[in-house]
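Q: would you be able to build a 3D model of this:
(one chain, ligands or ions: 1)
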Amino acid sequence: MLPRKVNETAEWKRDSGEFSVITVPAVIISIETFSRIKKDAEKILGTEGSAVLLYEAGKDAGKTWISRFREEWRLEDAESEFIKATEEFYTELGWGKFSIDIENLTIRIENSFIARGYVKGESKKTVCHFLCGYNSSLISELINKEVDVEERNCMAKGDQYCDFIVVK
Ligand SMILES: [Zn+2]
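A: Next up, the predicted model:
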């Protein structure tokens, strides 16, 4: 069975210069670099264009991973345990502290890694489009229905948390 803890699944192949997490080839990227790429993408594609790009990228990434976790962690029939394992996994990855409220179809993230690339209150709008897309796949997997999610509050615009809610 696939381990659930990030540190149990991280693997270094020093001879070939490769790194992986949960068997997936990966790199570690700083928040500053991610933020820089995001802000430059906004200059080139416009705020809206860049938001769509990152939302779709997050959605795709989420789709690929979440269903795989459910299977490989063998938690198909253990919803609350799956939710807890998922929250812990992304929290450990450094994506922020995840709280999933499946009854209200909301996800709260404290210290989102995207919002941390901004000074609190720097942005007038929500900025966590990648996580928003990712969360749409996460909730879609949990309720077994395709949904979209929007971000209501965002630390980058001065809120205490980033809050994501299913769009009805
Ligand atoms: Zn946010």
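Q: which residues in the protein form strands?
A: Counting by DSSP state E, the chain has strands at residues 11-13, 18-21, 24-25, 97-101, 106-110, 149-153, 162-166.
Q: deepest of the ones you listed, which one?
A: Most buried of the strands of the chain, by mean neighbour count (mean count of other C-beta atoms under 10 Å): strand 162-166, with a mean of 23. No exception for glycine: its C-beta is placed from N, CA and C like everyone else's.
Q: could I get the average pLDDT for that one?
A: Mean pLDDT, computed over strand 162-166, is 98.
Q: ok, that strand near the ion or not?
A: Yes: Strand 162-166 lies within reach of the ion by C-beta under 5 Å from the ion, at residue 162.
Q: partners of that strand in the sheet?
A: Each strand paired with strand 162-166, and its direction, by DSSP bridges: strand 106-110 (antiparallel), strand 149-153 (antiparallel).
Q: anything in the last one near the ion?
A: This points to strand 149-153. No: using C-beta under 5 Å from the ion, strand 149-153 stays clear of the ion, coming no nearer than 5.6 Å.
Q: got the strands paired with strand 162-166 as CSV, with mean pLDDT columns?
A: Formatted as CSV, these follow (pLDDT from 0 to 100):
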stretch, mean pLDDT
strand 106-110, 98
strand 149-153, 98
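Q: out of those strands, flag the one nearest residue 10.
A: strand 106-110 (21.9 Å; C-beta to C-beta).
Q: what ranges do the helices span in this structure?
A: Ranges of helices within the chain are 6-9, 31-72, 79-93, 129-143, based on DSSP state H.
Q: highest mean neighbour count out of those helices?
A: helix 129-143 (a mean of 24).
Q: which other helices and strands contact it?
A: Contacts defined by 3 or more C-beta pairs under 8 Å, 6 or more residues apart in numbering; DSSP states H and E place helix 129-143 against helix 31-72, helix 79-93, strand 97-101, strand 106-110, strand 149-153, strand 162-166.
Q: between helix 129-143 and the fifth one, find me the angle.
A: Between strand 149-153 and helix 129-143, the angle comes out at 120 degrees (axes from the mean of the first three to the mean of the last three C-alpha atoms, to 10 degrees).
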